[in-house]
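What follows is a predicted structure for the sequence shown.
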Amino acid sequence: MGKLRVDTKACFNDWVSLIIKMDKWNIQPPLIMRWLFPGTIWRMARNENSVYLTFDDGPVPEVTPKVVEILNQYKAKATFFCVGDNIRKHPDVYQTVLDNGMGVGNHTYSHLKAWSHPAGVYFEDIEKGRTWNPTLLFRPPHGQLYPWYVPRLKRTFKRIVMWDVLSLDYRADLSDRDVYNTVVNNVRPGSVIVFHDSLKAWPRLERALPDILEYLNLAGYKMKLIEGGKAAINS
Ligand SMILES: [Zn+2]
């Protein structure tokens, strides 16, 4: 048995995991969580009636084009945080996202969790993702991050985008009505809202998304792109 030492990483992980296990705080993270990661974005300008829709984990042919179609129907723009390996497998679907004027962000190449991999492996995976997806936006998979990673990420990315409302669309124990209620009960001016263009989320998203967009339109929200999500390093 070895020496006694405080494992900063493990303490940090336990503490943050405890917070995000609570539904209420997982859906809309408390200020203390946001303060832990200076330089990241959770909510955009609150003096404008705009919200920022985001879709993680695609592109996949079964879901992403349908999401784009629904967004177009409601004249909404959104930012897609793409997994590099999915772009490699489905470059045409990635192109569809771009051709429809949507934004894109880096979500690593292999959907790596920051807390389960050494920094070297994690940042290499992000770089690999960049070769498929040259964007200035980044979102860490599962929201896992260390505060001390932020300055390093900011050398490459203009914005590290977290969230103000998590739709819980990936939860099979919830209904599409639950997902709808989660979003409409928590949305506010400047909200960054997380959905998933994934097979896992689609059973709920298919029905919830049109209703959510209808609600947001009626409530007078503009659904805008996050600046920096054009697929070119210089955008
Ligand atoms: Zn993800």
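That came through, no problem.

contacts, neighbours, all on C-alpha from now
Noted.

Could you give the number of residues near the residue lying closest to residue 96 once chain neighbours are set aside?
With Cα to Cα, 6 or more residues apart in numbering as the criterion, residue 96 has its nearest non-adjacent residue at 7.1 Å, and that residue is residue 65. Counted with other Cα atoms under 10 Å, residues neighbouring residue 65 total 18.

what about residue 65, distance to the ion?
Separation of residue 65 from the ion (Cα to the ion, to the nearest Å): 18 Å.

So which residues on this structure come close to the ion?
Proximity of the chain to the ion is confined to 57, 141 under the rule Cα under 5 Å from the ion.

By mean pLDDT, which helix or strand of the chain comes out lowest?
helix 8-21 (a mean of 75; mean pLDDT, DSSP states H and E).

which residues are in contact with that helix?
By Cα atoms under 8 Å, 6 or more residues apart in numbering, the residues outside helix 8-21 that reach it are 25, 26, 29, 33, 115.

mind running it again at 10 Å?
25-30, 32-33, 36, 115, 143-147 (Cα atoms under 10 Å, 6 or more residues apart in numbering).

hmm, back to that, relative to residue 229, how far out is the residue nearest to residue 96?
The spacing between residue 65 and residue 229, counted by Cα to Cα, to the nearest Å, is 18 Å.

Likewise for residue 58?
Residue 58 is 15 Å from residue 229, by Cα to Cα.

So which of the contacts of helix 8-21 are in helices?
Among those, the members falling in helices (DSSP state H) are 25, 26, 27, 32, 33.

pLDDT at the fourth one, what is it?
Per-residue confidence at residue 32 stands at 86 (pLDDT).

gap between it and the ion?
Taking Cα to the ion, one finds residue 32 at 22 Å from the ion.

for residue 226, same thing?
Distance from residue 226 to the ion, by Cα to the ion: 18 Å.

Quick one: residues contacting that residue.
44, 51-54, 77-79, 102-105, 137, 159, 161, 192.

which residues in the protein form helices?
8-21, 23-27, 31-35, 64-73, 84-89, 91-99, 119-132, 150-154, 176-186, 202-218.

what about the residue in the chain that the ion sits nearest to, neighbour count?
Residue nearest to the ion within the chain: residue 141 (4.3 Å; Cα to the ion). Residues lying near residue 141 (other Cα under 10 Å) number 20.

quick one: low-confidence parts of the protein?
1-6, 19-22, 232-235 (pLDDT under 70).

what's the angle from the longest strand anywhere in the chain to helix 202-218?
Scanning the chain for the longest strand, with DSSP state E as the assignment, gives strand 50-56. Relative orientation of strand 50-56 and helix 202-218, computed by axes from the mean of the first three to the mean of the last three Cα atoms, to 10 degrees: 170 degrees.

you'd agree residue 196 is up against residue 141?
No - assessed by Cα atoms under 10 Å, residue 196 is found out of contact with residue 141, at 11.5 Å.

The residue nearest to residue 96 against residue 93, yeah?
Yes - between residue 65 and residue 93 there is a contact at 6.9 Å, judged by Cα under 10 Å.

Give me the common contacts of those two.
Common neighbours of residue 65 and residue 93 are listed as residue 59 (criterion: Cα under 10 Å, 6+ apart).

PyMOL command for the buried members of the contacts of residue 226?
Selection of buried members from the contacts of residue 226 for PyMOL, criterion 16 or more other Cα atoms under 10 Å:
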select buried, resi 44+51+52+53+54+77+78+79+102+103+104+105+137+159+161+192
